[in-house]
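# Coordinates only, no sequence provided:
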């Protein structure tokens, strides 16, 4: 893998604007003129050679004998190094302050008189907070290591292209930068490990590091078994579809018993399973484009499932759905085929199996299913709990599948009232209570907006609530339009069309401007955003066009009577339900991306975990400890902060010059990273590090190093970039 690809794939997405601009610097390195072997090497050129070294070390001097391209490259390099160093120091100050707050919280836990239940709850909260704090230190270490590797690789590219050998000089300068070797970060990591071990691991440092390490987000390699089952289930899915289509083509489905009722039940089961499969595909692409969905949706970072696993789980249940459909179709179309169960009861068996699989309290996918169930309960009880992103994100997906909330109660009605008596009572009554149930997702979203309006006092939530309330009369008139004939039909159609145009146009505007962050005139890249996570701009253009077209697909639903459709209105409407499902599937990509971009703007990469003792003096500083960018550099943002909360360690920073000789490099035996951090990277550090005390991976060793996202890098061995080695660069790295 080329380093440029590795660099861009392994950046922390929320901090990506604060990384070295590798692409631009590599382009400048490619444009450097090739110097002859004798240039700047003879005694008459010793002055020019000294000037070159001074330029490499960051001095602003001009020497006509040195090409202007070299001046430009090193000026840009030092600007980027200053940017990285400044952000690293600002973040490190925040994490130091956070550690002191957590340390103070542990003191409060030991000194305050608490009941056993309250103390246990406080310990759980603080334990989780320590995990997030340690993960933030891990991310900052990755940030420094990746930028260090980029600086070295760019210097190697410079030497290869220009024939000027300055790698040793630049390495000596680079070793003095905070993001390359920070004793403060090393000491903070060791203190965090030690404090966690003394509090929760009975002083066992190895056990503490193992537990803290499992709380990081690790990009897992796909197991071969998962890949095999994915292909196997896809094959079964294709065979099942061919079998179903073949049987339906040879029989008359209109003669099936309770055909329309059974179709509605199978439809709602299918939509539920497609929702899981679509979300799995979303996760796969989120991972590929470094969208931190686990942070945004509040997964358990050490137990999250990959997108491939989610798709495999959905395909397995879709195969069960196909088997149930085949059982029903065969039992209705063939007198000789008898499963011992009436055909109309086949969907009930399917729903029962899916219900048991979803609520199964044991492995596999227990944590994923628990997260989904808890989020669904939070949506259903929206006025009670505070509204998080995951709550209204799932509720928005429910609005596109609102027919499910009428179909599930219909299934219950059918099997308690109609199936045993061959009646159509439920099918007739669903015309009246169906619209009410379909309105529930929009009511939940409206209530969520009302709660957020009450908490934040921001008018945008009022505008969002109005958007969902406008949908309610549209749903009612749609159902009346579908089920009434004669004079009433014309009246309700006349009311429906203008209401639908207003509602869907408003929702289209909200999709593009608010949910996706496009068409903002304050953006320099109008109509797109300045920061785009997906590579090709044409994707955004096609998504906008598609969303505009599919938002108005309801027009064709009104035209059912105008077309000579060879199947029932229920099947016809179901086609547009699938179209809306696909539109929401695409919407998910850009909604999550826009949330990621918002996090990038405020450099949020780690969750702020609440602390139990908010009355402590230092706890006030925990409210807003984020870094914001201003004309004067990076500053702490918002919140109440003690004026002297940094006084006990600010002096250490004031006396620490990143370029001074007092900052010892690793090769001189200075502060080395904690024992956990030395196994992070598959790129060797600038100089040999001291041996770590132990290897905390299971079995004590092997398995390769870890890449910058925590994934084991087996099979991926990057070229060594040690200062002791001669620069070795492939010319392909000069490509843009």
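It's in. The model shown is predicted, which means the values in this text are computed figures rather than measured ones.

# what residue is smack in the middle of the protein?
residue 293 (1.8 Å; C-alpha atoms, centre = their mean).

# now that one: how far from residue 595?
Distance of residue 293 to residue 595, given as C-beta to C-beta, to the nearest Å: 9 Å. C-beta: built from backbone N, CA, C; applies to glycine.

# Check residue 206 too.
Residue 206 is 38 Å from residue 595, by C-beta to C-beta.

# neighbour count winner among those two?
Per other C-beta atoms under 10 Å, whichever of residue 206 and residue 595 has more neighbours is residue 595, with 20 against 15.

# was I right about that one contacting residue 389?
Yes. Look at residue 595 against residue 389 with C-beta atoms under 8 Å: they come within range, at 6.5 Å.

# Between those two, which contacts overlap?
Residues touching both residue 595 and residue 389 (C-beta atoms under 8 Å, 6 or more residues apart in numbering): residue 296.

# all helices for the stretch 51-200 of the chain, in order.
68-111, 116-162, 167-174, 183-200 (DSSP state H, counting those that start in this stretch).

# Rounded mean pLDDT for the very next helix or strand once past the last one, please.
Going back to what we said before, that points to helix 183-200. Later in the chain than helix 183-200, the nearest helix or strand by DSSP states H and E is helix 205-213. When pLDDT is averaged over helix 205-213, the result is 80.

# Would you mind pulling up the elements that the helix or strand following helix 205-213 packs against?
Beyond helix 205-213 on the C-terminal side, the first helix or strand identified by DSSP H and E is helix 224-249. Packing partners of helix 224-249 (3 or more C-beta pairs under 8 Å, 6 or more residues apart in numbering; DSSP states H and E): helix 307-333.

# so what does the helix it packs on touch, helix or strand wise?
Judged by 3+ C-beta pairs under 8 Å, 6+ apart, the packing partners of helix 307-333 are helix 224-249, helix 259-288, helix 346-359.

# Between helix 346-359 and the second one, find me the angle.
Just to be clear, that refers to helix 259-288. Angle, helix 259-288 to helix 346-359, by axes from the mean of the first three to the mean of the last three C-alpha atoms, to 10 degrees: 30 degrees.

# if we can go back for a sec, of all the helices of the stretch 51-200 of the chain, which lies closest to residue 518?
Comparison of the helices of the stretch 51-200 of the chain against residue 518 by C-beta to C-beta identifies helix 68-111 as nearest, at 27.7 Å.

# one step back: how about the helices and strands packed on helix 307-333, which one is nearest residue 90?
Here helix 259-288 is closest among the helices and strands packed on helix 307-333 (C-beta to C-beta), at 27.7 Å.

# What is that closest one packed up against?
helix 293-296, helix 307-333, helix 346-359, helix 404-413, helix 425-438, helix 569-601.

# could those go into JSON lines alongside distance to residue 90?
Shown next, in JSON lines, are the helices and strands packed on helix 259-288 (distance: least, C-beta to C-beta, whole Å):
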{"stretch": "helix 293-296", "distance to residue 90": "20"}
{"stretch": "helix 307-333", "distance to residue 90": "34"}
{"stretch": "helix 346-359", "distance to residue 90": "45"}
{"stretch": "helix 404-413", "distance to residue 90": "47"}
{"stretch": "helix 425-438", "distance to residue 90": "50"}
{"stretch": "helix 569-601", "distance to residue 90": "15"}
